[in-house]
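Asks: Next input, structure requested:
(one chain, ligands or ions: 1)
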Amino acid sequence: MHYSADVIIVGSGIGGLTAAALLQERGFTTLTIEKNMYPGGSCASFRRKGYTFDVGASVFYGFSDNDDHGTLNLHSRIFRRLGLSVATIADPVQIHYHLPNGLDVPVYYRQQAFLTELKRHFPHESGGIDRFYRELESVYEILSALPAGSLEDIVHIAKVGGTHFGKTIALALKTLKSMGRTARKYIRDPELLRFIDIESYSWAVQDAVSTPLVNAGICLADRHHGGINYPLGGSGAIPAALCEGIEKFGGKILYNSEVQEIIVRNGKAEGVRLSGGEELLSKAVISNATIWDTCNRLLKDPRYRIAEERFLRAPSWFQMYLGVDAGVVPEGFHVHHVMVDDWQRYDQPGGTIYFSAPSILDPSLAPEGRHVIHAFVTDESSRWSHLDRGDVSYRKAKEDFAGSLLRRTEKILPGLSDAVELSVLATPLTHERYLNRFRGSYGPLLHPGQNVLLKPQNRTAVKNLYAAGDSTFPGQGVIAVTYSGVSCASYIARSLGNPLEYL
Ligand SMILES: Cc1cc2nc3c(=O)[nH]c(=O)nc-3n(C[C@H](O)[C@H](O)[C@H](O)COP(=O)(O)OP(=O)(O)OC[C@H]3O[C@@H](n4cnc5c(N)ncnc54)[C@H](O)[C@@H]3O)c2cc1C
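Replies: Residues are numbered from 1 along each chain as shown. Predicted structure coming up:
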């Protein structure tokens, strides 16, 4: 059989690129196939009229160079392994929350400063606040001491269990807990519990009770250790560096090429068929598409289909990429903001506004005297699917919705509507079309109370077909899909007889 590569990767999201880079560096040949003309998926950047916008992600973990705390420090470790570096700028505030009833809380890098701020609003819950955030720290301490690897790799699990027995058991017990139920052990004030909900919703798009404690232990603790660091030049600097690593070790990336089918013969994945009909064969295939797209579009055999409702489908997004007059952004304005006007609606489409202005940290993203702003809300493709994308009614609906969001955003940035010089609007249909994501969804979520270990891992029902990205454990977010890429590469490397060394 003529193989195009040992491993073919469908999609150049961060999960796929991470797996490709680590396998290629280990000596396997890889071919990454991307339908767009640029890499990165939801973590790409695009340029328009002198502005550089982040397609999706702007808040980044995993760039600390402190080696005492490691597992969560994956970007630094991977780039070191690849012999590359990505310059970043430290952000002193993870998110500035603007919530109902005047609850205004910046989450500072320094945890004490953040907790002091929170206690200023809830002095009667001071002890509960300390105990809850201390519990998240304890999860973080366990996770950051364990090496990253595949939970399906028995040799890895035996090694970690043998050398870190106590921590492995403690972690297994913590996977049974939810963030919200843990909060309710220590905290009574309903307003503060709402704050804990938005702390969860802002990255997990679920309330705290539905969110596993283990995931919270990463996002809400690491921000005070490794911190939040923005890549110089925009989010696209991360996929660009991963591609440089792949190519440096001889790997290939094919752009503008869409995989139409994952070829399966006798129950084994043997390669892919491109939309032009060309067949490319490999020993293993990694799908970086969502679980719905992999099982219901790329695999043609109905035996591999999954029901849409097997997982909760996270919503999609309505996004505004704005170029604005810098005069509207006051001195000292923080980079990332989350706004809620009404607690009854925070988890409904459009209920929570996410807002980032990364050119505050990196002025190279905007022309002189301008800023880039990315403001977005959750949305559903069903609200837009009746409109024809080429039609004036679609454009008008987008502009009307954007206008209403801009007016709400003026609460934190008065005059914003008048300061807009460039506006690029994207609906769930855009998200679905550009990234091949089923209904433009942010990805599958666990049902409330489900153990985090029930998330799909890297193996699939088809032999030699693997998955990496936000449909797999641990879930959404750039650092999470990086972990999934590491664990996917580790599992494949061991199966093909040349295990990866720990990062
Ligand atoms: C609006 C928004 C804001 C976000 N903010 C943050 C944030 O601040 N911090 C954070 O950590 N995370 C954030 N995220 C989440 C994070 O960006 C994603 O979880 C992560 O980037 C997803 O990576 P992935 O590997 O799953 O692949 P994706 O990003 O989904 O990329 C998959 C790639 O595969 C390609 N592809 C799919 N099917 C095919 C095919 N058949 N043939 C060829 N190519 C194909 C697609 O074109 C795409 O390039 C945000 C996401 C969004 C949408």
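
Asks: what ranges do the helices span in the stretch 251-400 of the chain?
Replies: Ranges of helices in the stretch 251-400 of the chain, per DSSP state H, counting those that start in this stretch, are 291-293, 392-409.

Asks: As JSON lines, those helices with mean pLDDT would be great.
Replies: Shown next, in JSON lines, are the helices of the stretch 251-400 of the chain (pLDDT from 0 to 100):
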{"stretch": "helix 291-293", "mean pLDDT": "97"}
{"stretch": "helix 392-409", "mean pLDDT": "97"}
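
Asks: what's the most buried one of these?
Replies: When you average the neighbours per residue for each of those (mean count of other Cβ atoms under 10 Å), helix 291-293 leads with a mean of 22. C-beta here means a position set from N, CA and C on the backbone, and glycine is covered the same way.

Asks: That one - contacts with which helices or strands?
Replies: The criterion is 3 or more Cβ pairs under 8 Å, 6 or more residues apart in numbering; DSSP states H and E, and there are no helices or strands that helix 291-293 contacts.

Asks: Please list the residues outside it that contact it.
Replies: Here helix 291-293 makes contact (Cβ atoms under 8 Å, 6 or more residues apart in numbering) with 287, 306, 308, 311, 313, 436-438, 441, 444, 456, 467, 471-472.

Asks: closest to residue 362 among these?
Replies: Nearest to residue 362 among these: residue 437, at 27.2 Å, using Cβ to Cβ.

Asks: Any quick ChimeraX command for the buried ones out of the contacts of helix 291-293?
Replies: Applying 16 or more other Cβ atoms under 10 Å to the contacts of helix 291-293, the buried members can be selected in ChimeraX as follows:
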select :287,306,311,313,436,437,438,441,444,456,467,471,472
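
Asks: near the ligand, from the contacts of helix 291-293?
Replies: By Cβ under 6 Å from any ligand atom, the members of these lying near the ligand are 436, 437.

Asks: For the ligand, what's its nearest residue on the stretch 51-200 of the chain.
Replies: Of all residues in the stretch 51-200 of the chain, residue 56 sits closest to the ligand, at 2.9 Å by Cβ to the nearest ligand atom.

Asks: got the contact list for that residue?
Replies: So residue 56 contacts 42, 43, 235, 317, 319 (Cβ under 8 Å, 6+ apart).

Asks: which stretches of the stretch 351-500 of the chain form strands?
Replies: 352-356, 370-379, 420-426, 444-445, 465-467 (DSSP state E, counting those that start in this stretch).

Asks: quick one, which of the ones you listed is nearest to residue 278?
Replies: strand 465-467 (19.0 Å).

Asks: one step back: among the contacts of residue 56, who's most crowded?
Replies: Counting neighbours by other Cβ atoms under 10 Å, the top entry in those is residue 43, with 29 neighbours.

Asks: which residues are in contact with the helix or strand that contains residue 128?
Replies: For residue 128, the host element (DSSP states H and E) is helix 126-145. Helix 126-145 has contacts (Cβ under 8 Å, 6+ apart) with 69-73, 111, 115, 118-119, 122, 164, 167, 170-171, 174, 182-183, 185-188, 192, 196, 213-214, 216-218, 220-222, 225.

Asks: do that again at 6 Å, thanks
Replies: Residues outside helix 126-145 that contact it (Cβ atoms under 6 Å, 6 or more residues apart in numbering) are 69, 71-72, 118-119, 167, 170-171, 174, 182-183, 186-187, 214, 216-217, 220-221.

Asks: Run through the residues that contact the spatially closest residue to residue 415 that is not a sequence neighbour.
Replies: With Cβ to Cβ, 6 or more residues apart in numbering as the criterion, residue 415 has its nearest non-adjacent residue at 5.1 Å, and that residue is residue 328. Residues near residue 328 by Cβ under 6 Å, 6+ apart: 415, 416, 419.

Asks: Got phi/psi on residue 95?
Replies: Here is the backbone geometry of residue 95 (degrees, to the nearest 10): phi -140, psi 140.

Asks: Phi, psi for the residue in the stretch 401-503 of the chain that the ligand sits nearest to please.
Replies: Nearest residue of the stretch 401-503 of the chain to the ligand (Cβ to the nearest ligand atom) works out as residue 469 at 2.8 Å. Per-residue torsions, residue 469: phi 120, psi -170 (degrees, to the nearest 10).

Asks: I'd guessed it sits against residue 14; true?
Replies: No: if you go by Cβ atoms under 6 Å, residue 469 and residue 14 don't touch, sitting 7.8 Å apart.

Asks: circling back to that earlier point, for the helices of the stretch 251-400 of the chain, give me TSV that also has distance to residue 18.
Replies: Formatted as TSV, the helices of the stretch 251-400 of the chain follow (distance: least, Cβ to Cβ, whole Å):
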stretch	distance to residue 18
helix 291-293	18
helix 392-409	33
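
Asks: which residues do residue 469 and residue 14 both contact?
Replies: Listed contacts common to residue 469 and residue 14 are residue 481; contacts here mean Cβ under 6 Å, 6+ apart.

Asks: okay, and for the protein, where does confidence drop off?
Replies: Along the chain, segments meeting pLDDT under 70 span 67-71.

Asks: near the ligand, which residues of it?
Replies: Within the chain, the positions adjacent to the ligand are 10-16, 33-36, 41-43, 56-59, 258-259, 288-289, 317, 319, 376, 435-437, 442, 469-470, 476-479, 481 by Cβ under 6 Å from any ligand atom.

Asks: Return a selection command, for use in ChimeraX, containing the buried ones of those.
Replies: Here is the ChimeraX command that selects the buried residues among those (16+ other Cβ under 10 Å):
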select :10,11,12,13,14,15,16,33,34,35,36,41,42,43,56,57,58,59,259,288,289,317,319,376,435,436,437,442,469,470,476,477,478,479,481
